[in-house]
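A.B. asks: Take a look and give me a structure for this.
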Amino acid sequence: MDVDEVPVDVHVGGILRLPADIPRKFVNEIDEEQRWLMVGAEPVGTVDDLGEFVMVEE
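C.D. replies: Predicted coordinates:
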């Protein structure tokens, strides 16, 4: 995956969380089939250390 034009390796089972305004490009540079799950959501809170969902106080 390219994040803001910088290559980033995402390993099997890996998670990458990006703000919506960061440019990204999904690329398969190997001959094996890959499956990706991508989820988008409104920025209504944060996730600390990929643990419980935490709402931001406004």
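
A.B. asks: how close does residue 25 sit to residue 57?
C.D. replies: Relative to residue 57, residue 25 is positioned 35 Å away (Cβ to Cβ, to the nearest Å). From N, CA and C alone the C-beta is placed, and that goes for glycine too.

A.B. asks: higher neighbour count, those two?
C.D. replies: Using other Cβ atoms under 10 Å, the more surrounded residue of residue 25 and residue 57 is residue 25, with 10 against 4.

A.B. asks: isn't that one right next to residue 4, touching?
C.D. replies: No - under the contact definition of Cβ atoms under 8 Å, residue 25 does not touch residue 4, with a separation of 9.7 Å.

A.B. asks: show me where the protein has strands.
C.D. replies: Per DSSP state E, the chain carries strands over the ranges 2-3, 6-7, 24-25, 45-47, 53-55.

A.B. asks: Number of residues surrounding residue 32?
C.D. replies: 5.

A.B. asks: Kindly report the same for residue 24.
C.D. replies: Close neighbours of residue 24, defined as other Cβ under 10 Å, add up to 13.

A.B. asks: Now it. Nearest residue, chain neighbours left out?
C.D. replies: The spatial neighbour of residue 24 that comes closest, neighbours along the chain excluded (Cβ to Cβ, 6 or more residues apart in numbering), is residue 3 at 5.3 Å.

A.B. asks: any idea how far residue 33 is from that neighbour?
C.D. replies: In terms of Cβ to Cβ, residue 3 sits 22 Å off from residue 33.
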